[in-house]
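Asker: got a predicted model here, sequence first, then my questions.
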Amino acid sequence: MIKDITQRVEEKMNKTIAVLKKDLATMKAGRANPTMLDRIQVNYYGSLCPINQVANVSAPEPRVLVIAPWEKSLIKEIEKAILTSDLGINPSNDGSVIRLVVPELTEETRKNLVKVVKKTGEESKIAIRAIRKEANDKIKALKKNGEISEDELKVAEEKVQKITDSFVKEIDTIVLSKEKEIMSI
């Protein structure tokens, strides 16, 4: 029972870390990265699709993204989606591909981006703590129902806390790494 609870805790916390990494990957850090476009949806025959499902996205240079749509008719739709997104980059097209030049980040922009990164990391920590609380509530319910002893309760809570601590430390490491990436010129 307790082993099942701790396994579910680890699975949920791993998912939280995966979401954090995905969210941070979409943040621009002065370098062109195809994942920056993952959140942008394009109108494709009446349904919304991510850009990477309707075009080839590459980064041939450190600050340039090239989007090559599989259908030329999608160029206007992709441009419109980029312009209405929160990316803040103006696309330019030559009729067959769209180029995005990622601007150098100013010091102020970098600091604001670091704040967003820290906030995202803090939200992940809150999610981790919620998972811990849920697990501890389940363990206490087992104790209340007489399924485990007081000693087993303490051991299980300590194990959940150790798991939580390791994931919080991992979040701190990920956030610190992203901060360094953003602040490096």
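Answerer: Good, I have the coordinates. Residues are numbered from 1 along each chain as shown.

Asker: and Thr164, what does it touch?
Answerer: Val9, Met13, Ile128, Arg129, Ile131, Arg132 (C-beta atoms under 8 Å, 6 or more residues apart in numbering). Quick note: C-beta positions are derived from backbone N, CA and C, even for glycine.

Asker: same check, this time on Glu61
Answerer: Glu61 touches Ala32, counting by C-beta under 8 Å, 6+ apart.

Asker: beta partners for it?
Answerer: Under the criterion DSSP bridges, Glu61 forms beta bridges with Val64.

Asker: give me the secondary structure label for the residue positioned nearest the centre of the chain.
Answerer: Most central in the chain under C-alpha atoms, centre = their mean is Asp23, positioned 1.9 Å from the mean C-alpha point. When classified by DSSP: H, G, I helix; E, B strand; the rest coil, Asp23 comes out as helix.

Asker: do you know how far it is from Thr35?
Answerer: 10 Å (C-beta to C-beta, to the nearest Å).

Asker: same check on Lys119?
Answerer: Applying C-beta to C-beta to Lys119 and Thr35 gives a distance of 19 Å.

Asker: more neighbours: these two, which one.
Answerer: The neighbour count for Lys119 versus Thr35, taken as other C-beta atoms under 10 Å, is higher for Thr35 (15 against 11).

Asker: the spatially closest residue to the more buried one that is not a sequence neighbour: how many residues sit nearby?
Answerer: The spatially closest residue to Thr35, leaving aside those adjacent along the chain, is Ala25, at 4.3 Å (C-beta to C-beta, 6 or more residues apart in numbering). Applying other C-beta under 10 Å, we find 14 residues neighbouring Ala25.

Asker: and the chain, what are its domains?
Answerer: 2-25+106-183, 34-101 (automatic domain parsing).

Asker: got the phi and psi for the residue of the chain most remote from its centre?
Answerer: Distance to the chain centre peaks in the chain at Gly146, reaching 40.7 Å (criterion: C-alpha atoms, centre = their mean). Note on Gly146: backbone dihedrals following degrees, to the nearest 10 are phi 80, psi 20.

Asker: all strands for this structure, in order.
Answerer: Taking DSSP state E to define them, one finds strands in the chain at 41-44, 47-50, 55-61, 64-69, 92-93, 98-101.

Asker: returning to that earlier point: turn the buried ones among the contacts of Thr164 into a named PyMOL selection, would you?
Answerer: Applying 16 or more other C-beta atoms under 10 Å to these, the buried members can be selected in PyMOL as follows:
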select buried, resi 9+13+128+131+132
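
Asker: among the contacts of Thr164, which pair sits farthest apart?
Answerer: Taking C-beta to C-beta, the two most distant members of those are Val9 and Arg129; they sit 11.5 Å apart.

Asker: give the contact list for the closest residue to Arg99 other than its chain neighbours.
Answerer: Among residues not flanking Arg99 along the chain, Ser92 sits closest, at 5.3 Å (C-beta to C-beta, 6+ apart). By C-beta under 8 Å, 6+ apart, Ser92 lies in contact with Ile98, Arg99, Val101.
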